[in-house]
Structures are given as C-alpha cells and as structure tokens.
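# Sequence plus the predicted model coming up.
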Amino acid sequence: MKNKEINWSDYLGIRVHMNVEFLSFEEARKFVQNLKLKNEKEWQEYSKSNKRPENIPSHPKETYAKEFKNFGDWLGTGNVREKDFKSYEEAKNFVHGLHLKNNLEWRKYIDCSKPNDVPYDPEKRYKNKGWIDWADFLGNRTRTFKKNCLSQEDMIKFMRVKKIHSDDKWKKYVEINGLPDKLPLFIEGVYNIGWREISGRIFNLQETLDFCRRWANEFKTKNGKYPGQKEWNIWCNDNNRPINIPRNPQQIWKEEFKNFGDFFGTGVIANKNKKYRDFILARNFARLLNLKNESEWYDFCKNGDKPIDIPTVPRIVYKSEFISMPDWLGICRSSKNTIEPSLEKAKEIIAPFVKKYNLRYESDWRKFCKNNLRPISIPYSCNLYYKNKGWVSYRDFFGFKK
C-alpha cells in the first residue's frame with residue numbers, strides 16, 4: 001500500500017483558507033444578518049462550525065478593519081458593548097454639533113438615526129466617566145443663559161397659570177407640548193430659584209394646622225372615623241390639596257411635628273407609636289369597671305370610653321405579665337401561682353357542654369362564651385392559651401376526630 005501524504009488540517013479538523021477571496025464587507029454583513037444571530041458569542045460558535053462559508057471571515061474585525069464598527073452592526077442587532085462607545089468627551093463633541101434643546105430631542109434623534117457608538121442613556125453609561133448633566137452633554141448651557149428668556153416674574157406667572165409646581169411636572173409639560181421659546185429646560189439653574197418659591201408654596205404652620213383639623217373633622221363626619229396618614233396620602237394623591245398646604249408636614253416641621261393624630265387634632269395614634277400604662281395600673285383600671293366577661297370588655301373598648309393608653313388586647317401588649325382575661329377583669333382569683341387546667345383536663349370539663357349546646361366550630365364557642373356559659377377556669381381564647389401546649393383545633397377540642 002502506497003503511503004498517502006497526510007493533510008494535517010484535514011486530520012485535525014481545521015479548515016485553512018489559502019488564497020480565498022472574501023466577500024465585500026457589505027455582502028458579508030448582509031449574509032451574516034440573515035442568520036439572525038443574537039450576539040458575539042453565537043457568532044463565534046457559528047464561525048467555528050462547518051456551516052460558515054469559506055468566503056465569510058471568522059474574524060471580520062481584522063478582515064474589514066476599515067468598515068467594521070462593532071458586532072451589533074455586523075449581526076444587525078444594534079446592540080453595542082459599552083467598550084465600543086465613544087468616550088464622554090468624544091460623544092459630547094459629536095452631540096454639540098446636533099444643536100438639540102433637551103434630552104427629549106436627544107431621545108427622538110437617537111431613535112431615528114441609531115448611532116452605534118453613542119448610547120441612548122448617556123446619563124447612565126457615562127456616570128463617573130465625565131457625566132455632569134444634560135446641559136453639559138447637549139452643549140446648551142451657554143445657549144440657555146444667552147437665550148432671551150422671560151423675566152423671573154413672568155416665568156413664575158406662567159408656571160402658576162399652567163399649575164406646574166415641580167420639576168417633574170415641568171418636564172412632563174415639555175414632553176407633551178414642547179419647550180416654550182422663551183423658557184429654558186433647566187428652570188432652577190437659570191433663574192436660581194426653587195420650585196417652592198415658583199409655585200408659591202411658602203408654608204405656614206398655623207394655617208396648615210387649621211386646615212388639616214378642619215379636613216379631619218369633615219372626614220370624620222363623612223366616613224364615621226378619624227383619618228390617619230394613609231387616608232391623608234390618598235386624599236393628596238387625588239390632587240385635592242391646596243398649593244399652600246404641604247403633603248408631608250412631618251418633613252417641613254420636623255421639630256414641631258409629633259404624629260398625625262396630634263397634627264389633625266384627633267388624638268389618634270398609630271399602634272406602633274402608642275405608649276401604654278404599666279401592666280398593674282392598666283389591670284387595676286380594667287378591674288374597677290366590674291365587667292363580667294371578655295365579651296363585655298370588647299364592647300367597652302368599642303364604645304369609645306377606653307383611655308388611649310389602655311390596650312384593647314392586653315395579652316399582646318403585656319405578653320410576659322398577662323395571665324388570663326378573668327385575671328385582667330378581676331372576676332376570679334387568678335395569679336401567677338394558679339394552676340390552669342391542662343388541655344386534656346379542659347377537654348374533660350367542656351365535654352358535657354359540647355353535647356348540650358351542640359358545639360362544633362369556633363363560631364359556636366364564641367356564641368357560647370358571649371352567653372356567659374363558659375366555665376370560668378377555661379380561657380376564652382383556647383387556641384391562644386393552649387398554643388404550643390398540644391392545641392390542634394376547636395374541632396379537636398370538642399372531641400371530634402376529624
């Protein structure tokens with residue numbers, strides 16, 4: 001058998017292009033874009049495969065050094081890696097030649113022209129890389145100051161007539177209506193005045209207090225309860241608030257502001273901010289009421305006579321000291337040394353009542369207790385008292401297996 005000359009490129013699976021004439025850049029790019037590859041990684045995988053024609057280079061950046069821009073352009077995706085963008089100074093010099101007025105015009109320009117080496121969002125891409133603000137990037141800071149702007153008085157009058165009270169509302173107005181000829185985009189920078197002064201929001205504490213307390217009383221009359229911060233925020237969001245009344249009084253008057261209950265004159269305090277009496281003093285108050293059961297206690301709490309520093313649910317506020325509701329109300333001699341019935345003993349005690357009053361569910365138990373039929377040694381909220389002591393459910397407590 002004759003020795004056959006070994007083709008090492010064939011043996012190693014490498015295709016070597018000797019004297020291959022590649023397609024022109026435009027033709028090659030058109031072919032590649034029809035492949036619908038998503039990114040450079042997919043291109044690299046494709047270029048290594050046997051699917052790539054010999055007249056399409058695997059390294060277009062080197063082959064078409066003059067025409068090649070980036071892989072977003074080569075693949076037709078438009079995606080540009082950050083390292084392919086112009087530097088901030090180069091991008092800024094390019095943009096200055098466009099004579100754009102504001103960032104809205106920049107967005108429109110880039111959507112139509114789609115330059116590959118300048119980002120859509122320069123404020124993010126050039127952050128910490130030279131970015132100052134839009135005026136600097138667009139080159140209209142000097143033009144803005146030289147522009148024949150309205151006087152400060154006329155500008156304020158314009159803003160108040162249009163009910164533009166903040167920078168966000170001004171930008172939104174410009175986006176919808178365009179930038180007026182004699183007004184700059186950067187109002188505060190040109191006129192050196194804040195939006196509070198422009199909108200006339202020079203707040204007065206007493207005036208605000210009077211308004212808020214009238215509002216709170218009207219809310220109570222209409223809804224049957226006093227408002228809190230949540231209701232105030234909802235009302236403000238509906239754009240009912242007068243311009244001279246602040247949305248966040250707690251930020252305007254940090255030293256004077258205590259809470260919204262005090263601000264509205266209602267005395268209502270959020271649960272998390274309430275301060276309660278010492279346990280012994282609170283329990284003494286509850287015992288002096290001579291209530292017969294837990295149900296009467298909750299009725300008392302609902303009628304509005306309960307002092308604000310006495311909790312409605314003492315077992316939650318006084319976790320370490322609270323024993324039981326009978327002890328809280330003083331209707332039995334209960335103390336820390338009293339041995340409460342175990343869950344199994346409680347089941348035995350309650351068993352005759354289950355059959356007699358047809359107790360099946362928690363709702364039956366609540367009615368049973370409300371009618372003052374509950375044995376005083378059995379807690380009202382069995383599920384809480386016997387939690388972590390073997391409690392399963394009221395059905396189990398009543399002796400039903402399922």
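That came in fine, so what should we check first?
# Please parse this structure into its domains.
Recorded structural domains for the chain (assignment: automatic domain parsing) are 8-75, 82-143, 147-199, 205-267, 279-329, 343-397.
# Give me the mean pLDDT for the shortest one.
So the one you mean is domain 279-329. Domain 279-329 shows a mean pLDDT of 85.
# gap between the two ends of it?
In terms of CA to CA, to the nearest Å, the two terminal residues of domain 279-329 are separated by 13 Å.
# Now Trp235: closest residue in space, sequence neighbours ignored.
Once its chain neighbours are removed from consideration, Trp235 has its nearest residue in Arg241; the separation is 7.2 Å (CB to CB, 6 or more residues apart in numbering). Glycine gets a C-beta too; all of them are placed from N, C-alpha and C.
# Next one, pLDDT for the one you found please.
73.
# So it is in contact with Trp232, correct?
No - at 9.2 Å, Arg241 does not count as touching Trp232 under the criterion of CB atoms under 8 Å.
# Looking at the two, which is more packed in?
Taking neighbours as other CB atoms under 10 Å, Arg241 and Trp232 compare with Trp232 leading, 21 against 15.
# ok, and what's touching the helix or strand containing that one?
Under DSSP states H and E, the secondary-structure element containing Trp232 is helix 229-237. Helix 229-237 is contacted by residues 215, 219, 227, 241, 247, 260, 264, 270 when judged by CB atoms under 8 Å, 6 or more residues apart in numbering.
# which residues touch the third one?
Contacts were defined as CB under 8 Å, 6+ apart; by that measure Pro227 touches 215-216, 219-220, 235, 264, 266.
# Kindly provide the distance from it to Thr221.
Look at Pro227 and Thr221: by CB to CB, to the nearest Å, they are 11 Å apart.
# before we move on, what SS does Pro242 have?
Following DSSP: H, G, I helix; E, B strand; the rest coil, Pro242 is assigned to coil.
# hang on, it packs against Cys212?
No - using CB under 8 Å, Pro242 is not in contact with Cys212, being 11.0 Å away.
# Which one of those two is surrounded by more residues?
Each of Pro242 and Cys212 had its neighbours counted (other CB under 10 Å), and the higher figure belongs to Cys212 (20 against 9).
# helices and strands around the strand or helix carrying the more buried one, which ones?
Secondary structure from DSSP H and E places Cys212 in helix 205-223. Contact analysis of helix 205-223 by 3 or more CB pairs under 8 Å, 6 or more residues apart in numbering; DSSP states H and E lists helix 260-264 as its packing neighbours.
# Alpha carbons of the helix it packs on, as CSV, please.
Output in CSV follows, covering the C-alpha atoms of helix 260-264 (Å, rounded to 0.1, in the frame of the first residue of the first chain):
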residue,chain,number,x,y,z
PHE,A,260,-50.7,62.8,62.6
GLY,A,261,-53.2,62.3,65.4
ASP,A,262,-51.8,65.4,67.1
PHE,A,263,-51.5,67.3,63.7
PHE,A,264,-55.1,66.6,62.9
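# mind listing what's buried in it?
Buried residues in helix 260-264, counting neighbours by 16 or more other CB atoms under 10 Å, are found at 260-261, 263-264.
# One more: stretch 57-70?
Of the residues in stretch 57-70, those scored as buried under the neighbour-count criterion (16+ other CB under 10 Å) are 57, 60, 64, 68, 70.
# And stretch 43-56, by the same measure?
For stretch 43-56, using 16+ other CB under 10 Å, the buried residues are 43, 47, 52, 56.
# do the same with stretch 381-391
Residues of stretch 381-391 classed as buried: 381-382, 385-386 (neighbour count, 16+ other CB under 10 Å).
# List the contacts of it.
Stretch 381-391 has contacts (CB under 8 Å, 6+ apart) with 315, 324-325, 340, 342-344, 346, 362, 365, 379, 393-394, 397.
# Mind doing that once more with 10 Å?
Judged by CB atoms under 10 Å, 6 or more residues apart in numbering, the contacts made with stretch 381-391 from elsewhere in the structure are 294, 313, 315-316, 323-325, 340-344, 346-347, 350, 362, 365-366, 369, 374, 378-379, 392-394, 396-397.
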